[in-house]
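Trainee: Prediction below, plus the sequence it came from.
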Amino acid sequence: MTEQRPRLRAIPRTMRYPGLPLVALALLLAAPLVSKAAKVPANFEKYATTDVGSGLSCVVGATTSKGESSDERAYVYLEESASHKIRWITSIPVRPGWYQNRASHCVAAGDSIYALVQSDTNAVPVLSQTLISIATLNQASGHMEANDIVKVPDLKGAHTVFVYDGAENFRFEDGKIVVAGEWATKGDAADTRTPFKTSVPVAISH
């Protein structure tokens with residue numbers, strides 16, 4: 001089987017942090033940059049821009065280090081739609097032991113920004129799973145409040161999840177975030193992909 005990584009990706013069903021030091025580090029890495037000097041980091045690739053109202057847009061994507069490996073790091077930022085002045089920019093940490101991540105979709109609801117984060121667990125494609133999570137950020141400050149794994153229904157064995165470009169694949173609807181895509185079992189020589197759609201309830205604050 002020849003496995004090709006799509007532009008957008010996914011994260012594991014369950015996740016535990018080894019200890020409090022890693023939790024503290026993750027929170028530190030996720031601290032937003034809010035200042036007059038806030039700017040898009042070098043080697044940033046934009047995956048999507050979403051109008052969130054009030055003259056503001058949410059931009060999601062990832063930085064890529066130069067070299068043979070992609071080594072992506074997810075970023076989310078809020079900008080003024082007309083001037084493109086950045087209000088805040090927040091990095092989404094890679095989970096301990098995983099390889100890379102990227103933010104691919106974004107929606108706003110209440111006082112929060114919700115970003116879909118797609119993560120790869122290993123630098124070697126044949127060993128790597130692509131798994132998805134939803135990062136919740138405070139719309140005013142950019143502070144990341146959660147980054148919860150999305151449970152894709154009916155998964156079997158080691159798997160990779162694919163969520164492709166398009167607002168229809170990550171949207172807010174009836175108090176829930178709807179995520180749609182496909183998944184495939186690792187090692188499937190036929191590369192059979194099974195469509196999925198799942199809904200994640202969110203608490204809306206104003």
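Mentor: Structure's in. What do you need? Predicted, not measured: the structure shown is a model, and the values here were computed from it. Numbers count the residues shown, from 1 in each chain.
Trainee: pretty sure V200 contacts K176?
Mentor: Yes. Between V200 and K176 there is a contact under C-beta atoms under 8 Å: 6.0 Å. Where you see a C-beta, it was placed from the backbone N, CA and C, and this is true even at glycine.
Trainee: Find the least confident helix or strand in this protein, judged by mean pLDDT.
Mentor: helix 20-29 (a mean of 45; mean pLDDT, DSSP states H and E).
Trainee: Quick check: what element follows it along the chain?
Mentor: Downstream of helix 20-29, the first helix or strand assigned by DSSP states H and E is strand 44-53.
Trainee: That following strand pairs with which strands, parallel or anti?
Mentor: Strand 44-53 pairs in its sheet with strand 56-64 (antiparallel), by DSSP bridges.
Trainee: And the helix or strand just after the strand it pairs with, what's buried?
Mentor: Per DSSP H and E, the first helix or strand lying C-terminal to strand 56-64 is strand 72-80. By 16 or more other C-beta atoms under 10 Å, the buried positions in strand 72-80 come out as 72-79.
Trainee: just stretch 99-119 next, same as before
Mentor: For stretch 99-119, by 16+ other C-beta under 10 Å, it's 99-109, 112-119.
Trainee: my read: Q139 touches A108, true?
Mentor: Yes. At 6.4 Å, Q139 counts as touching A108 under the criterion of C-beta under 8 Å.
Trainee: For those two, list the residues in contact with both.
Mentor: Shared contacts of Q139 and A108 (C-beta atoms under 8 Å, 6 or more residues apart in numbering): V52.
Trainee: Can you tell me the strand partners of the strand or helix carrying R171 and which way each runs?
Mentor: Assigned by DSSP H and E, R171 belongs to strand 170-173. Applying DSSP bridges, strand 170-173 is found paired with strand 176-185 (antiparallel).
Trainee: quick check: mean pLDDT across the following helix or strand past the strand it pairs with?
Mentor: Next helix or strand after strand 176-185 toward the C-terminus (DSSP H and E): strand 194-201. The average pLDDT for strand 194-201 rounds to 96.
Trainee: Can you mark which positions in strand 194-201 are buried?
Mentor: Result for strand 194-201 [16+ other C-beta under 10 Å]: buried residues 196, 198.
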